[in-house]
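Enquirer: model this:
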Amino acid sequence: MTLNLSLDYLPRLPRNKSVPIGCIGSGFIMADCHLVAYRKAGFNPVAIASRTPKHAREVAERHGMKAYDTYEEMLASGEVEVVDIAVPPDNQIDVIRTVVKHKKHVRGILAQKPLGVNYAEAKEIVQLARRAGITLGVNQNMRYDQSIRACKSLLTRGLLGEPVLATIDMRAIPHWMPWQERQGWVTLRIMSIHHLDAFRFLFGDPIRVFASIRPDPRTSRKFAHQDGICLYILEYASGLRCSSWDDVWAGPALEGAQKDISIRWRVEGTEGLARGTIGWPDYPAPTPSTLDFTTTQQPGYWLSPRWKEVWFPDAFIGTMAQLLCALEDKAEPEIGGQDNLKTMALVDACYLSAKEHRAVEIKEILKGR
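Expert: Down below sits the predicted model:
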């Protein structure tokens, strides 16, 4: 028996790629990820605005777009049908309050993760979009990392059997943005949110979470925070356990010691085992994520499918594609705002668990304490 190694790891693309997209924000994530991915996929970003008009003009020239001095002017022009937002989380709700006033021609919003500064604010954003009749997608882009989607394909095909244990081990040193200093939080809402959402994508919703956190020594020299290094365990009704070690200290690698940087994940099931790496820590070097798996359906072998696509920037094709497809299908996006509320609730549950030193059921957040 020869096992079919064709895995469903790429996003579904819309039939109509010409929908005009207006971009709000012109920082790295927009200029070097969103727009690079959209051009590669053949999407149609036509306009951009940011709080720094000069920077917006530079990005517009680079990507062949029209720059506006303000996003209010861009929205008032009536030129865009989808609005792609990449601003700090504490600014996002005010931007969306303005966007929904233009519901006559704006049909979709792609909001950045995290969807607000907490679950309550994210819920308000979802309600704003719903009342305006605008389709809301969220840029939880790790769902479109190729190894994560390939693992989902293995699970869907039953090649791993019933999931038993899943882990993520992140030893990486992110480049924190200046706006994070005013938030008072670091890892859970910026990095861990990727892993928590990926667990939800792969396995569904857990019942409860137990989290333990401590400050990152390096970042503590820059600003006060609690959630630098984050450890957490998710408990599922099936008996599945998921855990992640989100270590953004990773040793004194920037202080003179040698680096040991990686993100590795592993899924163990009753009929197979999959393990992988995430290529993001090597950015800007284009390093594809990897997947290796073994299954009782073809015993005696490790199978190692590979691809040329990378998380940054190729995954950003998927986050916009899922919104454009939803508009075509008149359906909820794969990562719709309503679904993403459960990820936001899971993040809030981690904060509460760490604060109160106990396991927190997700329904505590969803129902309100």
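Enquirer: Let me see the contact set for the residue nearest the centre of the chain.
Expert: Centroid-nearest residue in the chain: Gln140, 2.4 Å away (criterion: C-alpha atoms, centre = their mean). Going by C-beta atoms under 8 Å, 6 or more residues apart in numbering, Gln140 touches 113, 193-194, 197, 319, 335, 340, 343. (Glycine included, C-beta is placed from N, CA and C.)
Enquirer: Ala237 now?
Expert: Ala237 makes contact with Ile207 under the criterion C-beta under 8 Å, 6+ apart.
Enquirer: ok, 10 Å please
Expert: 204-208 (C-beta atoms under 10 Å, 6 or more residues apart in numbering).
Enquirer: So it, which state does it fall into?
Expert: Three-state assignment for Ala237 (DSSP: H, G, I helix; E, B strand; the rest coil): coil.
Enquirer: re the thing from before, now go through the contacts of Gln140 and say which are in strands.
Expert: Among those, no member is found in strands (DSSP state E).
Enquirer: from the residues you listed, which ones fall inside helices?
Expert: Assigned to helices by DSSP state H, the following of the contacts of Gln140 qualify: 193-194, 197, 319, 340, 343.
Enquirer: on that earlier part again, switch the contacts of Ala237 over to CSV; also include pLDDT.
Expert: As requested, those are exported to CSV (pLDDT from 0 to 100):
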residue, pLDDT
Gly204, 98
Asp205, 98
Pro206, 98
Ile207, 98
Arg208, 98
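Enquirer: Which among the residues you listed count as buried?
Expert: For these, a burial check counting by 16 or more other C-beta atoms under 10 Å picks out 205-206, 208.
Enquirer: Just give me the closest of these to Cys242.
Expert: Pro206 (7.0 Å; C-beta to C-beta).
Enquirer: The closest one touches Ile233, doesn't it?
Expert: Yes: between Pro206 and Ile233 there is a contact at 9.2 Å, judged by C-beta atoms under 10 Å.
Enquirer: list residues touching both of these two?
Expert: Common neighbours of Pro206 and Ile233 (C-beta under 10 Å, 6+ apart) are 241-242.
Enquirer: coming back round to it: pLDDT at the residue nearest to the centre of the chain, what is it?
Expert: Gln140 carries a pLDDT value of 97.
Enquirer: how much space between it and Arg241?
Expert: 22 Å (C-beta to C-beta, to the nearest Å).
Enquirer: cool, and Gln146?
Expert: Relative to Arg241, and taking C-beta to C-beta, Gln146 is found at 25 Å.
Enquirer: Looking at these two, which one has more neighbours?
Expert: It is Gln146, of Gln146 and Arg241, that has more neighbours when counted by other C-beta atoms under 10 Å, with 28 against 15.
Enquirer: Might you report the residue contacts of the nearest residue to that one once chain neighbours are set aside?
Expert: In this structure, Gln146 finds its nearest non-sequential neighbour in Tyr9, 4.7 Å apart by C-beta to C-beta, 6 or more residues apart in numbering. Applying C-beta under 10 Å, 6+ apart to Tyr9 gives the contacts 144-153, 289, 291, 305, 307, 309.
Enquirer: Pro14 now?
Expert: Per C-beta under 10 Å, 6+ apart, neighbours of Pro14: 41-43, 320-329.
Enquirer: what residue ranges in the stretch 251-369 of the chain are flagged as low confidence?
Expert: Residue ranges of the stretch 251-369 of the chain with pLDDT under 70: 369.
Enquirer: And the strands in it?
Expert: 262-269, 272-277, 290-295, 360-361 (DSSP state E, counting those that start in this stretch).
Enquirer: Distance to Leu136 for the ones you listed - can I get that in TSV?
Expert: TSV is the format used below for the strands of the stretch 251-369 of the chain (distance: least, C-beta to C-beta, whole Å):
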stretch	distance to Leu136
strand 262-269	28
strand 272-277	30
strand 290-295	31
strand 360-361	26
